[in-house]
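1. Kindly generate the corresponding structure for this input.
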Amino acid sequence: GRLALARGEAERALLELRAAVTGIERWRRRLAAGGLVEHALRARADVYRDAAQAAAATGRLAEALAFAGLLQARLLDELGARRDGPLADAPNPELERQRERVAELELARDPARAPELARAAEELDRALLAEDLARGRVLAGDTQALALEDLRRGLEAQGLELALVYLVGARTSLVLRVDVDASRAPRAVTLALGRAELERESARLYAPLERLEAGEIDLAHLGFDVEAARRLHAKLVEPLGLPAGARVALLLDGDLQTLPFEELVCGGVLARFDPAQPGAHLAVLALLATLLPWCG
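-> Numbering: from 1, shown residues only. Here you go, the predicted structure:
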């Protein structure tokens, strides 16, 4: 799927990547392992993000949004798996019985019982999917439209105008724009910013804070990499053409979750540094927080 996507064969890529996501979701449910399966594959293929890219390239933006939602669910599952404490959900006796039945048939390795194993596995998958649907964990398949409607209802309830869903890829990133106005179809924008460049530019912003925490500098000498903040704005926000004052919700991916969007520089020229007034030279810069005060 990734190779097909790189060759520009978006339809073929989507078929392959959709199947991969479906398989990961099936085994995630079977293992009750949260993000474990997706995490194990991540070194070889970033299938959720790639599937969203392929869906967007074929104009299936609701499906791209569904893949983004599944990715967020996996990341949250992984965070939850690292937390100490009891399991959130009590075991379902019927599901456990079905799991044991499938495991018994798989261990038997009897070719004559293969049809029985296939039926048992299908029944287990249906039961697990139904449980995930009941708990609101699934965004793929028949619930794509529902996911879009849910997002719009959430935006409206918070008084927001639109959501920007970011997905960071290896070489490019994808932004899905969803307006609260249902008459406006979702839109996709491809950004010329990949994961490695994002990490480099973000590190330039974080470096002064890390030095401050390490006691190497004090607040009076805290630096701010204006050019890195300007480049990130040019790559992450400027191509979206957002109107000033727009009330925006950001649904962020990976390293973007800790990026201070409000401090990205969208205009202004750095003034001369005055040692008597540390930070005053930054006051003339236009930060994204002034352009999008509701950004969050």
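2. Would it be right to say that residue 8 lies in a helix?
-> No. Under DSSP: H, G, I helix; E, B strand; the rest coil, residue 8 sits outside any helix and is assigned coil.
3. The residue lying closest to residue 162 once chain neighbours are set aside: what's it in contact with?
-> Spatial nearest neighbour of residue 162, excluding adjacent residues (C-beta to C-beta, 6 or more residues apart in numbering): residue 179 at 4.7 Å. C-beta coordinates here come from the backbone N, C-alpha and C atoms, glycine included. Listed by C-beta atoms under 8 Å, 6 or more residues apart in numbering, the contact set of residue 179 reads 152, 161-162, 186.
4. Got the phi and psi for residue 179?
-> phi -90, psi 150 (degrees, to the nearest 10).
5. Return the distance of it relative to residue 151.
-> 10 Å (C-beta to C-beta, to the nearest Å).
6. Which residues belonging to stretch 242-255 are considered buried?
-> By neighbour count with 16 or more other C-beta atoms under 10 Å, stretch 242-255 contains the buried residues 242, 246-254.
7. Could you do stretch 113-132 as well?
-> For stretch 113-132, by 16+ other C-beta under 10 Å, it's 117, 120-121, 124-125, 127-129, 131-132.
8. Using the three-state scheme, assign residue 166.
-> Classified using three-state DSSP, residue 166 is strand.
9. Verify the stated contact: it with residue 252.
-> Yes. Between residue 166 and residue 252 there is a contact at 5.2 Å, judged by C-beta atoms under 8 Å.
10. returning to what we had before: from the buried residues of stretch 242-255, which ones fall inside strands?
-> Counting by DSSP state E, the part of these found in strands is 248-251.
11. any chance of those residues in TSV, plus pLDDT and distance to residue 234?
-> Listed next are these as TSV, based on pLDDT from 0 to 100; distance: C-beta to C-beta, whole Å:
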residue	pLDDT	distance to residue 234
248	87	18
249	87	22
250	86	17
251	86	21
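12. Out of the residues you listed, which is nearest to residue 208?
-> Checking those against residue 208 by C-beta to C-beta gives residue 250 as the nearest, at 23.1 Å.
13. count of neighbours near the residue lying closest to that closest one once chain neighbours are set aside?
-> Distances taken as C-beta to C-beta, 6+ apart place residue 164 nearest to residue 250, at 5.6 Å, with adjacent residues excluded. By other C-beta atoms under 10 Å, 21 other residues sit near residue 164.
14. In helices, which of the contacts of residue 179 fall?
-> residue 152 (DSSP state H).
15. which among the contacts of residue 179 gets closest to residue 95?
-> Nearest to residue 95 among those, with distances taken as C-beta to C-beta, is residue 152, at 32.9 Å.
16. What count of nearby residues applies to the closest one?
-> Neighbours around residue 152, by other C-beta under 10 Å: 19.
17. And for residue 154?
-> By the criterion of other C-beta under 10 Å, residue 154 has 13 neighbours.
18. Could you do residue 111 as well?
-> Counted with other C-beta under 10 Å, residues neighbouring residue 111 total 8.
19. Next, it: phi, psi?
-> Taking degrees, to the nearest 10, you get phi -60, psi -30 for the backbone angles of residue 111.
20. how close does it sit to residue 27?
-> 23 Å.
21. low-scoring stretches of this structure, by residue?
-> The chain contains residues with pLDDT under 70 at 32-45, 75-91, 132-146, 209-224, 266-296.
22. can you pull out the strands in it?
-> For the chain, applying DSSP E gives strands covering 162-168, 173-179, 187-191, 248-251, 265-267, 286-287.
23. got the contact list for residue 199?
-> Taking C-beta under 8 Å, 6+ apart as the test, what residue 199 contacts is residue 255.
24. cool, and residue 155?
-> Contacts for residue 155 (C-beta under 8 Å, 6+ apart) come out as 161-163, 178, 180, 249.
25. From residue 149, how far out is residue 97?
-> Plainly put, residue 97 is 35 Å away from residue 149 if you go by C-beta to C-beta.
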